[in-house]
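Chemist: no sequence on hand, only this structure:
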């Protein structure tokens, strides 16, 4: 398949227009549709290793696994390892796992004091 | 706390090992790059094995098996080493996340069976003679069984491996 060169930017733009709403509205498999805010204490600081950056917080005596974006994306939102000390209070917003007894949230946004980390701004 | 699960001790140890600590320290792109090497290793391994196995099952008979077996075996070995050397650090990053993941218990036994099958095929008279003379029908049948088992075991390992992240 070939396209005239002059049409290529327009074709790419059209493809992007079609693709964006689909991405913005699609949920995370295995997560609740609704977005929840939770405030808790950091028990394990931000880790930038692995397929996703992670964080653990304690909310009402329960430890929650806070799954962030892939490390490079989490870093672009300003998050860094060691930035949020253990014991500090953070608020996270995201979609919780639908699995009963599984305390895990895929996270859109993290607030620590005055610092805000928009991990997935297009999901807010 | 890790729930009782086969391999839980090993996974806990692996995460705390120097390999885990080193891999976690490599920066935000490291997991993606290691994952890329893993995929390249698997494609090299399975692509080569697929061609060799299909030949043993009867495809492309105009190409002598003895001509095809050397490059495909060598490429598969290189692919396996790449997959192993990237897979270990990848799993060491957060090994305890995989405790209770059933796909691990499918993947690694499937790899063990696949390797056992390689060893058994290479021990057969058919394999040892295939570069020097034409094979007898019974020898070809033995290679066909090995090739079919190879495809089943490697495909199972790859499919279970792919599903680990979706558990």
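Modeler: Noted; the coordinates are in hand. Treat the numbers as computed from the prediction; the structure is a model and nothing was measured.

Chemist: any weak-confidence spans in chain B?
Modeler: Judged by pLDDT under 70, chain B has its weakly predicted residues at B:1-4.

Chemist: what parts of chain B come near chain A?
Modeler: Residues of chain B lying close to chain A (Cβ under 8 Å from any Cβ of the partner chain) are B:23-32, B:35, B:93-94, B:97, B:165. C-betas here are computed from N, CA, C, even on glycine.

Chemist: list just the nearest of these to residue B:8.
Modeler: Comparing the residues of chain B next to chain A against residue B:8 with Cβ to Cβ picks out residue B:97 as the nearest, at 11.8 Å.

Chemist: doesn't the closest one lie inside a helix?
Modeler: Yes. Assessed with DSSP: H, G, I helix; E, B strand; the rest coil, residue B:97 lies in a helix.

Chemist: which residue is the nearest non-sequential neighbour of it?
Modeler: Excluding its sequence neighbours, the residue lying closest to residue B:97 (Cβ to Cβ, 6 or more residues apart in numbering or on different chains) is residue A:50, at 7.7 Å.

Chemist: contacts only, for the one you found.
Modeler: Contacts for residue A:50 (Cβ atoms under 8 Å, 6 or more residues apart in numbering or on different chains) come out as A:71, B:24, B:31, B:93, B:94, B:97.

Chemist: before we move on, back to that, among the residues of chain B next to chain A, name the buried ones.
Modeler: Listed as buried from these are B:23, B:24, B:28, B:30, B:31, B:93, B:94, B:97; burial here means 16 or more other Cβ atoms under 10 Å in any protein chain shown.

Chemist: what's the neighbour count on residue A:80?
Modeler: Per other Cβ atoms under 10 Å in any protein chain shown, the neighbour tally for residue A:80 reads 14.

Chemist: tell me the secondary structure for it?
Modeler: coil.

Chemist: what pLDDT does it get?
Modeler: If you check residue A:80, the pLDDT there is 92.

Chemist: quick check: phi and psi on it?
Modeler: phi -140, psi 150 (degrees, to the nearest 10).

Chemist: so it versus residue A:71, what's the distance?
Modeler: To residue A:71, residue A:80 is 11 Å away according to Cβ to Cβ, to the nearest Å.

Chemist: common neighbours of these two, please.
Modeler: residue A:48.

Chemist: any idea of the mean pLDDT in the lengthiest strand in chain A?
Modeler: Looking across chain A with DSSP state E, the single longest strand is strand A:36-47. Taken as a whole, strand A:36-47 has an average pLDDT of 95.

Chemist: so after the host helix or strand of residue A:95, what's the next helix or strand?
Modeler: Using DSSP states H and E, residue A:95 falls within strand A:89-96. Remark: after strand A:89-96, the chain's next helix or strand is strand A:104-112, criterion DSSP H and E.
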